[in-house]
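Enquirer: Dropping the sequence and predicted coords here.
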Amino acid sequence: MKNTKKVILPLVLVIGAILVAVFSNILTNQSTASSNHKTQIVFWHELGGPSEDALKKVVDGFNKSQDKYQVVPKYQGTYDEAIQKILQTHGSSTSPAVFQAFDISTAQMIHSGFTTPIQDFIDKDDSFDVNKISPVARSFYSNGGKQQGMPFNTSQPVLYYNATLLKKYGITPPPVSPTYSDITRVAKELYEKSDHKVKGMTVQVYGWFMEQALANSGASLANNNDGHTGNPTEVNLNNPASVKFLEWIRENIKSGDFIDYGSGASAGANQTAGFLADKVGIFIQSSASIGQLTANNKNELGITYFPHPDGQKANGVAIGGAALWISNDKPKEVQQGAYEFIKYALKPEVQAQWQKDTGYLALNKDSQKSKVLQDLYKQTPAAKVPGQQLATAKPNYYNSGILMEGMQLTRQLEEIAMETVYNGGDINKALDKADKDINANLHTLNKANGYK
Amino acid sequence: MLKSPTTEEAIEKKQASSKKRSTFKLNANDKYFSLLFLGPSLLILGLFVFYPMIKTFYISMFLTNTLGKTSVFAGFSNYAELLTSPDFLNSLVVTLAYVLGVTFFTLAISLLLANLASKKLPGIGIFRTLYSVTMGVSVSVAAIFWLFIFNPSTGFFAIIANALKLTPINWLTDPSNAMWAVIITTVWMNLGFTFLILLGAIESVPQTLYEAASVEGASPRFQFFKITLPMISPTLFFVSTITIIDAFKSFGLIDLITKGGPTNATNMLVYRIYKDAFYSGNYAQASTEAIILTVIIAAFTLLQFKFLEKKVNY
Amino acid sequence: MSTILKNVTKQYDQDKKVLDNVSAEIQTGEFFVIVGPSGCGKSTLLRMIAGLTQISEGTIKIEDRVVNDLSPKDRNLTMVFQSYALFPFLSVWDNVAFGLKARKADKADIEKRVNDALKMVNLEELRDRKPRELSGGQRQRVALARAVASDAKICLMDEPLSNLDAQLRIKMRQEIYALQRKLGLTLIYVTHDQVEAMTMADHIMVLNDSKIQQVGTPEEIYQHPANEFVASFFGVPPINILPAQKVSEAILQVNSDFEVTLPHPIAHANVRVGIRPTDMKVVDSDELHANATIKAVEFLGNEKIVHAKMSHGGEVSVIVSSEEVFQPYQNVEITADSEFLLFDVDGKNITNKGAVTHA
């Protein structure tokens, strides 16, 4: 007995020491082995699923292309949540050197003063021709003539339809840039000719689509030209463009060919599932969904531009997606590494592969000539449509995004207005309510931030 | 229970007299010592409970800017604004409806199941296991499971409705149904735990009470309402308190199933706080809502203790 | 107008009978005690009368009605449990009123009956207390009041006093007896305590080993026990049983230690003799004549109990006057005169005094 007691303490110490050694080894291995004295560039992103795999390919490519920097990607959850993490960790050791922030946080990022404009690096770098990058995309993330963040994963909303079903029932497909009534016609015909087995269309409750309807109609949501010529002080959602958009949906709800999948990520998944299962024929979604819709689809996929009101020309839609930003709380060396990574990510061949893998648009003009994309277009001709839509649009204030703070809440309020209409509410009342709430929030925000 | 009161009284007397004898007074040394013992818990409470609460209240007195920092002093205007905002009042009503609905159905259904499962019937063990199985299901799994069921074109309910040539119910997109959808899901989640606790309580009611009652002429129904219910009332009180507080704090299911929609129909207070803070970055408003929620839960708990506790303790 | 048990049998397993062929008649208005050691089946029998346990074979008749398949509430009886079965959440008053409310009695009627019942057991002042605020004896009274308040004329009690201390037990014994007499209840009372049986019963049923040993009045049972078991179950200290051989027509040699005279001739050569401790004599003796050694002496005040070890094995207890002095290890001579019982080797009473043996 005495002997065992004597043994216990040393035994515990030895086991403890082994455990510490093993775990610290694992931990240090992870960081040292992968860095090899390279400069670490922490990269925060919000891409999950297949897009994350594609993103890792870009990162690996960069890490192998040179031996000075090591980019470490870290997934941060949804776009919305990531914004608060980025803002709240700034200046601490956990903050990223380069991060992905989505379109509607642009104003917030610029105002935060937490980033170094990409323009500062471009100006010192003769080897990078920024003009090769899509001007519509660039203008979204510029302010005061300076490139603030660099557009990266960029998409456009497009309209998808089930071409096989249309053929089956002998329905003429919509034109490549359809009006609202073009789509209504197809949706109604599909619903009736399928003996009500297939719903004609759906439009997800998503504020982004509401904003795109305004952009495509040449209307603005916020004053000061959607914030491009000054900080917005007032919004006006209840305008003829939004009314026409909602009336179009209302008409289809009334004739029964419309199905409502609701809002949020699960609604997106449900509507995709419904589309692939021949339960609904037409829906609007980001061009980034092309990959998913071609890979798992037994049917032929049809794609058109985002629809526009009857009796006027499409003004073109704004881009969506996210940009890459460089934090200003990191040493020069790290910042330079972050810039090198962004530059690499926008190379023609990288962007071409990126579009093929994810459905996000290749932003470098030279990407279109690449074999990767040429092959893709040959295989799925419809995949060309989003890029064409982007190229056809001439950038103006309406289709360059809304540079306003509080866009997350604005979107929620837009979605509530949409839901109200979908559930039979009055269009004008719903939009007025949204205006009132968005403005109240905007005024408080401006006051809190000390803007005029 | 069966200890005779004379011994109890004797013990009480003893304690009382010993208290009298040692009327103690803290000297400096004792004070130092008492601080030493209280210190750690005070420190932890202060750091993790009191400081956040005070800070939350402080933030609720300001406007917060884009970076989440307090900027303009607002006094109680945040409170005034919220308490007159139809959206916020809607959230209050919706939360209350949800809490009451969840609590009522959770208790009613699990009580029914527990009462059935307490009967000594062949094969009852299988049902006991089945009824309590949701205890092992995580929120996310439950949410995905029910999302599949609620899916308007490929879901279980939709398939049944289509087969019966009925119009499928828009579970998640119609505001009045969405509330039922989250209540159903939450109740389903709650059932396992509540069922087990109630079953335990029902089974620990002494059998002789039922025997005495049946000899005295009480029907099974009478026995259930006049014996089982009162006997398990302390447990019912316990589970109802837990269910109510849980329902107030419900977040995961809401986030995964409805995200507070449609048209704010399921925008419960806690979810609203989360969205205001971590989506919109409006920390001032979120803090104000958090304080209001704290007051409501405290009031609820107080009410419950005041009115129910008297009735359930015997 | 009585309760009749006919060939009542309870069997759970194939081969084990808890109650075997029990028959008896319980007269209306009598105090009937079922007594026996634990495990003899007495509680089972009571529960079968109450309807809480199913009857395997035989019939139970209450007031000319076979109740075998009636539920407890339809048998019109009341029951007091060993644990009292009070509802902890109800006040004394409501506990007593429970059965009446369950039977949906008239409100004024309930009021009157409950108040009367509480008065009868002296609990009027505690009517608003909860059971946990009562002493053991008071709880017992509440249980009694509940039985009293019911209009049932048959009351079953299952070891109602076993949770009380000795003093209280004596007091409650008297109270229960008084109540039974006052209300004219038919009281069927289960106990393992022979003193309770002897002091209260009009008739006693002795159960052992799932079978009836004897049914009779306390006197019959004490004076003319049917068998060795019944004889040794009643009386404190228990009867001394010793083996004996017939040495002549009129003489029995008991335990090879002393002789007794037979009042009449017997056929058996080997018998067992039962002598009550009061019927034995013990005197100091020298080593030569002694047939026993004293083991212990218990002083009870007015008398003493002397426990002695017989020379040829076996032990006896003798009650002597408290003035007599005996010491442990003292050599004594123990004898008996003609007051004794005779049993055959199977334990059956063969004392020819016209003993009544109910079967």
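Expert: Looks like it came in fine.

Enquirer: mind checking which helix or strand the residue of the stretch 1-150 of chain B found nearest chain A is in?
Expert: Residue of the stretch 1-150 of chain B nearest chain A, by CB to the nearest CB: residue B:63 (3.6 Å). C-beta coordinates here come from the backbone N, C-alpha and C atoms, glycine included. Residue B:63 is part of strand B:62-64 when elements are defined by DSSP states H and E.

Enquirer: Who are the packing partners of the helix or strand following that strand?
Expert: Note on strand B:62-64: by DSSP H and E, the next helix or strand toward the C-terminus is strand B:70-73. If you count contacts as 3 or more CB pairs under 8 Å, 6 or more residues apart in numbering or on different chains; DSSP states H and E, strand B:70-73 packs onto helix A:427-449, strand B:62-64.

Enquirer: Which stretch among these is buried most, on average?
Expert: strand B:62-64 (a mean of 23; mean count of other CB atoms under 10 Å in any protein chain shown).

Enquirer: hang on, the earlier thing: for the helices and strands packed on strand B:70-73, which has the smallest mean pLDDT value?
Expert: Mean pLDDT across those is lowest at strand B:62-64; the value there is a mean of 90.

Enquirer: who's in contact with residue C:339?
Expert: If you count contacts by CB atoms under 8 Å, 6 or more residues apart in numbering or on different chains, residue C:339 has them with C:275, C:276, C:279.

Enquirer: let's see 6 Å
Expert: For residue C:339, the contact set (CB atoms under 6 Å, 6 or more residues apart in numbering or on different chains) comprises residue C:279.

Enquirer: Against residue C:257, how distant is it?
Expert: If you measure residue C:339 against residue C:257 using CB to CB, to the nearest Å, the figure is 18 Å.

Enquirer: Could I get the contacting residues of the closest residue to chain A within chain C?
Expert: Per CB to the nearest CB, residue C:38 is where chain C lies closest to chain A, at 46.2 Å. Shown in contact with residue C:38 (CB under 6 Å, 6+ apart): residue C:192.

Enquirer: Quick check: it vs residue C:193, distance?
Expert: Distance of residue C:38 to residue C:193, given as CB to CB: 11 Å.

Enquirer: Now stretch A:356-371 - C-alpha only, CSV.
Expert: The C-alpha trace of stretch A:356-371 is given here as CSV (Å, rounded to 0.1, in the frame of the first residue of the first chain):
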residue,chain,number,x,y,z
LYS,A,356,-16.8,27.5,-63.2
ASP,A,357,-16.7,26.1,-59.6
THR,A,358,-19.1,28.5,-58.0
GLY,A,359,-21.3,30.3,-60.5
TYR,A,360,-20.0,33.7,-59.3
LEU,A,361,-19.1,35.8,-62.2
ALA,A,362,-15.5,36.1,-63.5
LEU,A,363,-14.6,39.7,-62.9
ASN,A,364,-11.5,39.8,-65.0
LYS,A,365,-12.3,40.6,-68.7
ASP,A,366,-9.5,38.3,-69.8
SER,A,367,-11.2,35.3,-68.1
GLN,A,368,-13.8,35.0,-70.9
LYS,A,369,-11.1,33.9,-73.4
SER,A,370,-9.9,31.2,-71.1
LYS,A,371,-10.4,27.6,-72.1
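
Enquirer: Using neighbour counts, pick out the buried residues of it.
Expert: A:356-365, A:367-368, A:370 (16 or more other CB atoms under 10 Å in any protein chain shown).

Enquirer: how is chain C carved up into domains?
Expert: Chain C resolves into domains spanning C:2-232, C:238-343 when parsed by automatic domain parsing.

Enquirer: how distant is the first one from the center of its chain?
Expert: Taking CA atoms, centre = their mean, to the nearest Å, the mean C-alpha location of domain C:2-232 is offset from the chain mean by 13 Å.

Enquirer: Just the terminal-to-terminal distance for that domain.
Expert: End-to-end distance of domain C:2-232: 30 Å, with CA to CA, to the nearest Å as the criterion.

Enquirer: Rounded mean pLDDT for it, please.
Expert: For domain C:2-232, the mean per-residue pLDDT is 91.

Enquirer: could you check the distance from residue A:379 over to residue A:199?
Expert: Residue A:379 sits at a distance of 29 Å from residue A:199 (criterion: CB to CB).

Enquirer: and the nearest residue to residue B:102 once chain neighbours are set aside, how far is that from chain C?
Expert: Leaving out its chain neighbours, the residue that sits closest to residue B:102 by CB to CB, 6 or more residues apart in numbering or on different chains is residue B:247, at 4.4 Å. Separation of residue B:247 from chain C (CB to the nearest CB, to the nearest Å): 27 Å.

Enquirer: residues of the host helix or strand of residue B:247 that come out buried?
Expert: Secondary structure assignment for residue B:247, by DSSP H and E: helix B:229-249. The neighbour-count check on helix B:229-249 (16+ other CB under 10 Å) flags B:230-237, B:239-244, B:246-248 as buried.

Enquirer: next one: stretch C:163-177
Expert: Applying 16+ other CB under 10 Å to stretch C:163-177 flags C:163, C:164, C:168, C:169, C:172, C:173, C:175, C:176, C:177 as buried.
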